[in-house]
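1. quick one, structure for this:
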Amino acid sequence: MKKMMFSLCALTLAGAAAAQTKWDLPTGYSANSFQTQNVQQFANEVEQLTGGKLKITVHAGGSLYKANEIKRAVQTGQVPAAEFILSGSANENPLFGLDSIPFLATSYPAARRLYEAGKPVQDKLLASQGMKLLFTVPWPGQSLYSVKPVNSPADLAGTKMRAYNPATTRIAQMLKAQPVTIQLAELPQALATGGVQTFLTSSASGVESKLHEQVKYFYPVSAWLPRNATVVNQKAFDALDRPTQDAVLKAAASAEQRGWITSERLDGEFIKELGARGMTIAAPSESVKKELASIGETMTADWLKTAGPEGQAVIDAYRSR
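-> Model prediction:
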């Protein structure tokens, strides 16, 4: 009798184990990033909503795949789900770079309108690559840091300006600055040696990299608010039963709403912290704002040349909202 009971328990446990689905979800960002913490909360909620039927393990800091390999990994089904920065794939299709067109959407409300205008075409693009978008969350806007005051565009001319992609290189050139390719991790050292004097990055990066120790001026221009996307391989999603799919979508909707609110709140907190640590926080002058807006118009026109009719429709929809 005892042997029979043991066998029944073993079968029950085996059935429960077989019923549980496990997903790996890699991200290139550190475990203490608010983006990763938001994804982890999403994973926790999915497990709770499904009663443990779907367990998602988040692999932070590029520990499972390097950041530039993550999108390909989920696209090819090597992992069921992943998080990556959308604009990192702009070389595949300019529509992925929509949220990083400089000086087009320079606030959270504007970034939200741009996201909503572009979502149908980005959903379609991801679907063509075998992926389903679950949610996206913006980083705080890319703002201007300088070792010296910037009162006019002339103050930026001739400076060594950090560049990390084609857009930032172009911005530096249009401001008559000298673009210098430097990754974020190398920025403090470059500042210490005079290799960089001006750059665009978020308030979050300023705090996390302790840039206030070497840079004294911060101008919240919010050049663009790049978004991270959390996606699932469509086949992996389709393999779930309907209640589990619904739970994933419910947790995703919560994660998106929470992420946007958190990003905006943290932006304000980070800027206050930079000020408290000795940086001068100042609104850009009218001449600087005018110059940056002009750069934005030029670079939007350049983007439209590559994005074609779909891109034009998105920009028109954004500007009509």
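2. what residues sit buried inside stretch 145-153?
-> The neighbour-count check on stretch 145-153 (16 or more other Cβ atoms under 10 Å) flags Y145, S146, V147, V150, P153 as buried. Just so you know, the C-beta spots here come from the backbone N, C-alpha and C atoms, and that holds for glycine as well.
3. and it, how far out from the chain middle?
-> Stretch 145-153 has its C-alpha centroid displaced from the chain centroid by 27 Å (Cα atoms, centre = their mean, to the nearest Å).
4. what's the answer for stretch 292-301, then?
-> Stretch 292-301 sits 22 Å away from the centroid of its parent chain (Cα atoms, centre = their mean).
5. equivalent analysis for stretch 102-119, please.
-> The answer for stretch 102-119 is 13 Å, by Cα atoms, centre = their mean.
6. secondary structure element for Q35, which one?
-> Here Q35, judged by DSSP states H and E, is contained in helix 34-49.
7. helices or strands up against that helix?
-> strand 54-59, strand 81-85, strand 131-138, strand 227-233, helix 242-276 (3 or more Cβ pairs under 8 Å, 6 or more residues apart in numbering; DSSP states H and E).
8. export that helix to CSV, keeping only CA atoms.
-> Extracted C-alpha coordinates of helix 34-49, given in CSV (Å, rounded to 0.1, in the frame of the first residue of the first chain):
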residue,chain,number,x,y,z
PHE,A,34,15.6,49.9,-13.0
GLN,A,35,14.9,48.4,-16.4
THR,A,36,16.1,44.9,-15.2
GLN,A,37,14.3,45.3,-11.9
ASN,A,38,11.1,46.0,-13.9
VAL,A,39,11.6,42.9,-16.0
GLN,A,40,12.2,40.8,-12.9
GLN,A,41,9.0,42.1,-11.4
PHE,A,42,7.2,41.1,-14.7
ALA,A,43,8.7,37.6,-14.4
ASN,A,44,7.6,37.3,-10.7
GLU,A,45,4.0,38.4,-11.6
VAL,A,46,3.8,35.9,-14.5
GLU,A,47,4.8,33.1,-12.1
GLN,A,48,2.3,34.3,-9.5
LEU,A,49,-0.6,34.8,-12.1
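9. and the contacts of it?
-> Applying Cβ atoms under 8 Å, 6 or more residues apart in numbering, the contact partners of helix 34-49 are 25, 27, 29-31, 54-58, 60, 83, 134-135, 137, 139, 204, 228, 230, 247-248, 250-252, 254-255, 258-259, 262-263, 266.
10. for stretch 86-98, same thing?
-> Taking Cβ under 8 Å, 6+ apart as the rule, stretch 86-98 contacts 67-68, 71, 99-100, 114, 118, 121-122, 125, 136, 165, 167, 226-229, 303, 306-307, 310-311, 314.
11. is it correct that W23 falls within a strand?
-> Yes: counting by DSSP: H, G, I helix; E, B strand; the rest coil, one finds W23 located in a strand.
12. burial count for it?
-> A count of neighbours around W23, defined by other Cβ atoms under 10 Å, yields 21.
13. I'd assumed K53 was in contact with it.
-> No: using Cβ atoms under 8 Å, W23 makes no contact with K53, being 11.4 Å away.
14. M161 reaches A190, doesn't it?
-> No: if you go by Cβ under 8 Å, M161 and A190 don't touch, sitting 11.1 Å apart.
15. who touches both of these two?
-> By Cβ under 8 Å, 6+ apart, the residues touching both M161 and A190 are V180, V196.
16. higher neighbour count, those two?
-> M161 (25 against 18).
17. mind putting the helices and strands packed on helix 34-49 in a markdown table, mean pLDDT and mean neighbour count included?
-> As requested, the helices and strands packed on helix 34-49 are exported to a markdown table (pLDDT from 0 to 100; neighbours: other Cβ atoms under 10 Å):
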| stretch | mean pLDDT | mean neighbour count |
| --- | --- | --- |
| strand 54-59 | 98 | 19 |
| strand 81-85 | 96 | 27 |
| strand 131-138 | 98 | 22 |
| strand 227-233 | 97 | 25 |
| helix 242-276 | 98 | 17 |
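18. save those as TSV, and put in distance to Q75 too.
-> Below are the helices and strands packed on helix 34-49 laid out as TSV (distance: least, Cβ to Cβ, whole Å):
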stretch	distance to Q75
strand 54-59	17
strand 81-85	9
strand 131-138	6
strand 227-233	7
helix 242-276	18
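19. ok, the nearest residue to A223 once chain neighbours are set aside - contacts?
-> Excluding its sequence neighbours, the residue lying closest to A223 (Cβ to Cβ, 6 or more residues apart in numbering) is Q142, at 4.3 Å. The contact partners of Q142, by Cβ under 8 Å, 6+ apart, come to L200, T201, S202, V221, S222, A223, W224, L225, P226.
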